[in-house]
Each structure stands twice: as structure tokens, then as C-alpha cells.
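Chemist: coords please:
(2 chains)
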There are 2 protein chains.
Amino acid sequence: MNNSVGIVQAQRATFDQPLTFKSGAVLPCYELWYETYGVLNADKSNAILICHALSGHHHVAGYYEDDTEDIGWWDNMVGPGKPIDTNKFFVVGLNNLGGCHGSTGPASIDPQTGKPYGASFPVVTVEDWVTSQARLAEQLGITQFAAVIGGSLGGMQAMQWALSYPDRVRHVLAIASAPHLTAQNIAFNDVARNAILTDPDFHGGDFYQHGVVPTRGLRLARMLGHITYLSDDAMADKFGRELRHGKLNFSYDIEFQIESYLRYQGDKFAAYFDANTYLLMTKALDYFDPARELGGNLNRAFAVAKAKFLVVSFTTDWRFAPERSREIVHALLHNKRDVSYAEITSAHGHDSFLMQDEQYVAVMRNYLNNVAAEGSL
Amino acid sequence: MNNSVGIVQAQRATFDQPLTFKSGAVLPCYELWYETYGVLNADKSNAILICHALSGHHHVAGYYEDDTEDIGWWDNMVGPGKPIDTNKFFVVGLNNLGGCHGSTGPASIDPQTGKPYGASFPVVTVEDWVTSQARLAEQLGITQFAAVIGGSLGGMQAMQWALSYPDRVRHVLAIASAPHLTAQNIAFNDVARNAILTDPDFHGGDFYQHGVVPTRGLRLARMLGHITYLSDDAMADKFGRELRHGKLNFSYDIEFQIESYLRYQGDKFAAYFDANTYLLMTKALDYFDPARELGGNLNRAFAVAKAKFLVVSFTTDWRFAPERSREIVHALLHNKRDVSYAEITSAHGHDSFLMQDEQYVAVMRNYLNNVAAEGSL
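Modeler: Numbering: from 1, shown residues only, chains lettered A, B, ... in the order given. The predicted structure follows:
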């Protein structure tokens, strides 16, 4: 595998100091799973943190010795000679708290009860994640990241780093992100959540003890999500009105190719993803709003940031439209921050941030070429 | 009530001649519920048919003697002196076959089994509806409509009239409609259908015998539908990120006002609408595609039309965008048909077609002022 970081291993970090969430809830101890690629330099100044989006995790690049097909979700972007160059940077990917890929989450056993946390797992915010990520950085001896990078919900975490820990990040790369969700974004999330919450197999979040999984709800949530990840045009180009079996079947079975695609995506996702994690992720999205406590003034929110920014959006992303990214740019410019902005012409909607697009890759590469592996703010 | 048609009564038409559906299924007999407003003139040339959309019915205007609050769904458009002027026209509204407001549908008793049709009710297409509407016209002695008018799915029926019965309609008014659904439109419908189909209370469509209703699925379907009826901007203006209780509650209860609105709409709808009808309506939408059997060539599809057309779209309608209406206009112009087109600047998205907008009302009024109550093609 060309330019791959090669075989990687997931690692575990254990935290015994209690974490108090924004909600007031407390987790006495927890684990974070993470992976690293590249070598941390002597003064520990070349670290880059990758924050994941709704269904992401710590396996960002490379593959596993016992499963070479399991390639990291951003392998096209992270590796030797790639835009996030592991010859230069020490790259850290983690599974967020509340996740379902190893880090402590709703399916983990609560040591206080001996049963899965389930409904009792705290509602996590982007701020809480950044706090937990900062603790991971401390364990790794990283006092300042060269960059924190993320797309979508990951971009919100990257931005939050510049607000929560302005002295601990030199560059923020916020891709296909937004300063907050719109009413329409929240509405889609709420339909997805209600699909899960009203699934009889959800059992108020404690389905683990019932030996069932709210597959129906999770499947619907993912089907709906997929519609918002793709552009109308991309869907039209890829599926159009093509029939699955060449003729109308006048039943509720799969009729059009788009139905086949959506149901397949829904089934695949529902087979492995944790329903409580899905709920938590969508709430974190809904809550993110750094301007809220400042009277809705995003300019004031970004006043504390010291990092330099790259903001990237995609023309056909109607979930987090370019207009949302421009709001971030304007708030940074208002504060006379150093910000680069790229609006990439891409047909693939919100999902563009995960795709191999020449212009996008060039923007990332050029920006990161100018990010020093050593240095300080 | 000013300019109201006043007290109205639903009427029933019974059809004993079997109806063969496009699918090949046969309904030996059926009933259609309808209402009429105004007076049919001597040569029966002043009739206008109103076709309803997904959740509409025959109660288009006026109110009932025993329920004066139950005002017709297009009362702002239909009445004495209103754009669809009942002083001039004899207006017919009906509940479509497969509906759940009186006309024979999945909840009706199948005389052959003595049980509700349920899953055995035929999948209905727009063409089937138009056939059944033509039979109703025959019973009423109407050999040619002055106009057939509809919004959204109703607009598809209006267009189909010009294709199925080109000599029986003088004007077609297709509002916020489309020549076919896009892949994204079908995708939203499929998520809604899957919400219903996978609800354990659906029982394969035969829930009537089980004394239950697939409320959860129907509620989700309606919540999702509402997102697509409103524009992103209208939702932002109306709800924004306003919290229901002024502060975050860190739970899955209603948090934002938009969630309150959506859940309320979902609950209200699920309490009265029939789940099988919902499925049928969305399939009729998916299937409508007059160009399909002509190699996808809409120009050829409209070649048979003789009616004059008014096509209306709304700038913020992202469900059936203006671009879709323009495709209809182009196909009509290609065939040198008489077509007027209005693209109304409205903030309300797809729902605009049901709303009181000054420019929209003026367009409808002016067009219908020029529709003769008497005459022929």
C-alpha cells in the first residue's frame, strides 16, 4: 500500500481523575482509545490532532496486522508524503468519549454498577471532548499541537480547541464545518433521534440488558443522515430514477437504485454502531454554539483564539453550507486573526470532506507545508 | 366568514364498474367523496377540478354545519370573489382513491373479505387517480373542465389530465410541482416509508385487525416531511436556535423550539392519518414520470397536451425547486403550447403553495380571470 503509514496499533489511555461534563455530570474514570502515526520530535512540537465526526473513530490511517482491509477513514489524507505528512508530523487520532469504538461510552461497563452505562452516560458536548482530548495530550507530553484538524463535527472540536486552549494549538483546520447548527440541521437530527428513541428495542437507552439493539431506529437515522451528506445533484448523477429491476414492481420492496443504496447503508450501519452513541453525537452537534453565552456574537467568541486558521467548505454541501464557513471566517477577520479560506467546487456535498478531490488535497497540502513542525505561537 | 362558500356538505359517488390500475390490480367497485362549490352552468362548461396533495382531501373550501371550525384546506383560494371564484366557476374537490377521508382506501372494508383492504389495496398511480376523477366528472355530467388545478402531487394530477384526457381540460394549473421526483425526493420518501414499514405496529399493512396503529412510523414520516415543506431560511426565521425552556437540559426531551414544532406536527398527524394511505401517496409521487415510457423525453410526453398551462413555482421551494417547474415550461414551449410561468419570491418553501402570498394570489386571480367559464378547446 503506497504511501501508507503501514501497520498500526490502537492504544489505550486510562484517566483516573474524574471528568466533570458541561451538564454537571461526572465520570469518575474513563479510557480513550487512540492511534499515532509518525514520530514525536524532541521538543514535542510536531503533533497534529485529528478530531472525528459523527461516525468516525481513532483509526485514521494505516491498517491492522490482522486485518489489512481495515484501512483508516482518512488514509488518503494522512501518511508519508500525504497532505498531513507523517514524515513531518506526529499525528494523533482518538475515539471520542461516548463513542463506540473502544473509548468509554454508553456500552462500556460502569464500574459503579457492573452494568453498561446506557442511558446514564452523560450527554457530551464539544467542550467536554476537547477537555478530554487535552488530557490525552498531557499524557502524551504534548503541550501544544502544531495543528488540530477536523471535518464536520470534527471541525467544531478543532475550533473549540482555539477557544478552550488558545495557547495549546498553533493552527486550526476546520473543514465543512459550521459555527452552530441551523434549525433545519437540528430538525434532521431530531427526526433521527426520535427514530431511535421510539424504537421499542431502545428500552430507554438500556437495551444492552435486554439483549436487543434498536436496529430499526438506527437504520432510519443513518438513511436520513446519508441524504444530508450527499448533494441533490450527486444523488441525481449517481442514481437518478434508475430502477433496481428495470421495471416498476408496485410494492414497497426496493424499487429505485437510490432506495437500494440507502437501505444498504442503513443496514450496514445499524449492524455495528451504538444507538446511544448516535444520540450523543447528534446532541453534541446541536449544542455546539460558542457564541451562545456571548449574546450570539461570534466575533466575541473568537476573540480569545490565537491560532491561525484554515477554513474549507464545499460548494454543494447543503448540510454545512459555505455560508456557514464564511461566518467563521468573518468572525476571525473581525478579530484580525490569520485565516485562509478555500471554497472548493465539488459535486459530492457534505461528504466531500472525506473524498479525494484534487483541489481540496492541494489546499490541505499547501497549507500544511507552511505549518512548522517546530515553533510556538 | 367573509367571502366563504359557507356551509358545505361532503357527497359520495359510487362506482360499480371495476377499475383496473396501472399495476394490473382491479378494484371491482369503489366510492369517492367530494364536495362542490358554486353552480354548474347550463352547458356544464364552468367546472374546475381541484386535485389534492399528499395529506389533502375533498374539503377544499367552506365549513360544516356541525363544525364551523373545520375550514377547507384551500379556503383562501376558493370562494366568491376569490382567485378560484365560485361566482363564476363550479368547483369540485375530491378525496382521492386510496385516501383516508372517506373515499375507498386501505382502511375501507373490502366487500369480498369483510375486512379492511390493508396491504391488499392496490398501489395507486397519478394516472389511476386521473382515471377515477374522469369517471367522477362523467357522473357529474362534466365533459370538459374549464381548469384542473393542483399543487405539489396535485399539480402532477393536473398535468396528467392534459396527457390522459387532452380534450377534457382547457386549462391546467400546476403549482409547486415537478415532471418527476429527483433521487433526493425519492430518498426522503423511502425513509418515511421505511419508518412506517418497520414499525412493529404496522403488521405488514394489516394493523387494523390488530387494534393498533403504526403511530411511531407515521409520526417520523410526518416530522421528516415537514422539514422538506419548509425552507431552511423560514425555519431559521421562525425557530432559529431558540430553546424551549431557556436553557439546555442535557437530555433527549424537547430542547429547541424546532423540535417542539416537529414533534407536535408529527403527533397531530399520526393521530388521524392512515399509514397505508401515506405509503400509497408517496409511491404515487415516486412513480409519476410521464416521460419514462418515452425514453425520458418530456417534450414527447407533452406533445399530446392541448390545454393552456399556468405553471407556478416558489423561489425557496427546495423540494420541488423552480428548476423542476421550468422543465415543464420548456417541454410545453417546445410543443408550442400556450404556457404562463410565475416564479414567486416566497420565504416559505414548498408550503408556499398553501399560503396567502399577495403576488401568488394575484397571479392565480389574473390567470383565472382570463379563463372563460364557457367555451371549448
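Chemist: And the spatially most central residue of chain A, how far from A:Val329?
Modeler: Chain A has A:Ala53 as the residue nearest its centroid, 1.3 Å off, counting by Cα atoms, centre = their mean. A:Ala53 sits 20 Å away from A:Val329, going by Cβ to Cβ, to the nearest Å. Backbone N, C-alpha and C define where each C-beta goes, glycine included.
Chemist: Could you do A:Ala137 as well?
Modeler: Computed with Cβ to Cβ, the distance linking A:Ala137 and A:Val329 is 27 Å.
Chemist: Settle it for me: which of these two has more neighbours?
Modeler: Between A:Ala137 and A:Val329, counting by other Cβ atoms under 10 Å in any protein chain shown, A:Ala137 is the more crowded of the two (23 against 19).
Chemist: How far away from the center of its chain is the strand or helix carrying the more buried one?
Modeler: Secondary structure from DSSP states H and E places A:Ala137 in helix A:126-140. Computed by Cα atoms, centre = their mean, to the nearest Å, the chain-centroid distance of helix A:126-140 equals 15 Å.
Chemist: Which parts of stretch A:11-26 count as buried, going by neighbours?
Modeler: Neighbour-count burial for stretch A:11-26 flags A:13, A:15, A:19, A:21-23 (criterion: 16 or more other Cβ atoms under 10 Å in any protein chain shown).
Chemist: how about the residue nearest to the centre of chain A, what does it touch?
Modeler: A:150-154 (Cβ atoms under 8 Å, 6 or more residues apart in numbering or on different chains).
Chemist: Now the buried members of those.
Modeler: By 16+ other Cβ under 10 Å, the contacts of A:Ala53 give A:150-154 as buried.
Chemist: of those residues, closest to chain B?
Modeler: When those are compared for distance to chain B (Cβ to the nearest Cβ), A:Leu153 wins out at 16.5 Å.
Chemist: Read off the pLDDT value for the nearest residue to that closest one once chain neighbours are set aside.
Modeler: With sequence-adjacent residues excluded and distances taken as Cβ to Cβ, 6 or more residues apart in numbering or on different chains, A:Leu153 is closest to A:Ala53, at 4.4 Å. Looking at A:Ala53, its pLDDT stands at 97.
Chemist: can you pull out the helices in chain A?
Modeler: A:126-140, A:153-164, A:183-197, A:215-229, A:232-238, A:257-270, A:275-287, A:298-302, A:322-334, A:358-369 (DSSP state H).
Chemist: counting contacts, what elements does the last one pack onto?
Modeler: It refers to helix A:358-369. Counting by 3 or more Cβ pairs under 8 Å, 6 or more residues apart in numbering or on different chains; DSSP states H and E, the packing neighbours recorded for helix A:358-369 are strand A:84-85, strand A:171-175, strand A:308-314, strand A:339-344.
Chemist: what does the average pLDDT come to for stretch A:229-238?
Modeler: Mean predicted confidence for stretch A:229-238 is 94.
Chemist: Same question for stretch A:68-85.
Modeler: The model assigns stretch A:68-85 a mean pLDDT of 98.
Chemist: List of residues touching that stretch?
Modeler: A:1, A:3-5, A:8, A:35, A:37, A:48, A:50, A:52, A:56-57, A:59-64, A:86-87, A:91, A:93, A:149, A:354, A:356, A:361, A:364-365, A:368.
Chemist: you'd agree A:Gly93 is up against A:Leu32?
Modeler: No: in this structure A:Gly93 lies outside contact range of A:Leu32 using Cβ atoms under 8 Å: 10.8 Å.
Chemist: Compare neighbour counts for the two and give me the winner.
Modeler: A:Gly93 (27 against 23).
Chemist: Please name the nearest non-neighbouring residue to the more buried one.
Modeler: Here the residue nearest A:Gly93, using Cβ to Cβ, 6+ apart, is A:Val60, at 3.5 Å.
Chemist: what about the residue nearest to A:Leu333 when sequence neighbours are not counted, neighbour count?
Modeler: Leaving aside its sequence neighbours, A:Leu333 sits nearest to A:Val339 (Cβ to Cβ, 6+ apart; 6.2 Å). Counted with other Cβ under 10 Å, the neighbours of A:Val339 add up to 21.
Chemist: residues in the stretch 51-200 of chain A within reach of chain B, list them.
Modeler: A:122-123, A:180-184, A:186-188, A:190-191, A:193-195, A:197-200 (Cβ under 8 Å from any Cβ of the partner chain).
Chemist: give me that answer again for 10 Å
Modeler: A:119, A:122-125, A:180-200 (Cβ under 10 Å from any Cβ of the partner chain).
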